[in-house]
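1. need a structure here:
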Amino acid sequence: MSISASMVKELREKTNAGMMDCKKALEESKGDFDAAIEWLRVKGLSAASKKADRIAAEGAVYTEKTGKTGVVVEINSETDFVARNDGFKDFVKNIAAHVAATAETGDILSQKYTKNTSQTISDLLKETIAKIGENIVVRRGTKYAESANSYVHTYTHGEGKIGVLVEVTAENPAHAQNADVKTFAQDVALHIAAMNPMALSQDQISPEVVAKEKEILKAKNLEQGKKAEMIDKIVEGQIRKFLAENCLLEQQFVKNPDLKISDYAKETSKKAGSAVTVKRFTRYELGEGIEKKSTDFAAEVAAQVKGH
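-> As a prediction, this is how the structure comes out:
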């Protein structure tokens, strides 16, 4: 059958695929729109699989609060150019909305997409890769749901470079949504973004981390010529400082260094009329822990030229 320009236009609007791909899909499916969409999907999956081994360390960290649920997700792309693409931004928001809404746990890619349960998140990801033309990775996501005596705050810093979730509690549930409690949560989230604490309190830092830090400090002190019999005492003091600098409650408040975060919590408790504490937090920084590939573009171009 003859494929009209209006049919191609309609399919393109539905799928966001390229004009020539839409025309080819309609020709292959003899004008059947559902079959054409499936053809494009299959073609897209094939294209996506070829991109899956590319390193994706750009992208966005995104936070959102819907009702009583706060979410932070990290979605990676290969380039910051794609991270600014509207299609990529929509995908990030859809993943955040899914994380907030789903009751499923475990591997996010295998979960049924809450907006379209005929798809998995993996299906949605592959379709997005096919449309955008670059590898995308759904790296991680966390959500906090408010309880009767807690308040959840979300904060995004630097246009998607850092995202923070923090949950604070009030001993009296009637005060959990108090303006002073909300201001405290907002300030603590900003502080977490800036100061990057390892844990809430000292007991949450693993003994392995402390032991490793002791080894490093001991070696440094020996290199600096400190007396061997004094090393243990020196390291003990340095470890106390390390713990204070890396535990949220012990850190000096970034907006007022005269206060520790634990002191600020006490001040807020007095204002709110109820004991206020930080229950937990999550901080994502874009690309942290991802080994970025160093590309020799001259060698890459030379290899491509040889292949032609």
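2. In the protein, which residue is most central in space?
-> Glu74 (2.4 Å; CA atoms, centre = their mean).
3. where do the strands sit along the chain?
-> Counting by DSSP state E, one finds strands in the chain at the ranges 58-66, 69-77, 136-145, 150-157, 162-170, 252-253, 256-260, 276-285.
4. Now those in JSON lines, please, with extra columns for mean pLDDT and distance to Ile234.
-> To be clear about C-beta, it is placed using only N, CA and C from the backbone, and glycine gets the same treatment. Below are the strands of the chain laid out as JSON lines (pLDDT from 0 to 100; distance: least, CB to CB, whole Å):
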{"stretch": "strand 58-66", "mean pLDDT": "94", "distance to Ile234": "38"}
{"stretch": "strand 69-77", "mean pLDDT": "95", "distance to Ile234": "39"}
{"stretch": "strand 136-145", "mean pLDDT": "94", "distance to Ile234": "38"}
{"stretch": "strand 150-157", "mean pLDDT": "96", "distance to Ile234": "36"}
{"stretch": "strand 162-170", "mean pLDDT": "97", "distance to Ile234": "34"}
{"stretch": "strand 252-253", "mean pLDDT": "94", "distance to Ile234": "23"}
{"stretch": "strand 256-260", "mean pLDDT": "94", "distance to Ile234": "24"}
{"stretch": "strand 276-285", "mean pLDDT": "97", "distance to Ile234": "31"}
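5. Mind checking these for the one nearest to Tyr113?
-> Of all those, the one in closest proximity to Tyr113, counting by CB to CB, is strand 136-145 (11.5 Å).
6. now the stretch 151-300 of the chain, which segments are flagged as low pLDDT?
-> For the stretch 151-300 of the chain, the stretches with pLDDT under 70 are 291-300.
7. That one: helices as residue ranges?
-> Ranges of helices in the stretch 151-300 of the chain, per DSSP state H, counting those that start in this stretch, are 179-195, 207-223, 228-246, 261-272, 297-306.
8. Show me what the second one is packed against.
-> The helices and strands touching helix 207-223, judged by 3 or more CB pairs under 8 Å, 6 or more residues apart in numbering; DSSP states H and E, are helix 228-246.
9. Which residues does the helix it packs on contact?
-> With CB atoms under 8 Å, 6 or more residues apart in numbering as the test, helix 228-246 has contacts from 197-199, 202, 205, 210, 213-214, 217-218, 221-222, 226, 250-251.
10. tell me which residues in that helix are buried?
-> Neighbour counts using 16 or more other CB atoms under 10 Å place 234-235, 238, 242-243, 246 of helix 228-246 among the buried residues.
11. With distance to Arg84 added, can I get those residues in JSON lines?
-> Putting the buried residues of helix 228-246 into JSON lines (distance: CB to CB, whole Å) gives the following:
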{"residue": "Ile234", "distance to Arg84": "49"}
{"residue": "Val235", "distance to Arg84": "47"}
{"residue": "Gln238", "distance to Arg84": "43"}
{"residue": "Phe242", "distance to Arg84": "38"}
{"residue": "Leu243", "distance to Arg84": "40"}
{"residue": "Asn246", "distance to Arg84": "34"}
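12. Quick one: buried ones out of the contacts of helix 228-246?
-> Buried by 16+ other CB under 10 Å: 197, 199, 205, 213-214, 217-218, 221, 250-251, out of these.
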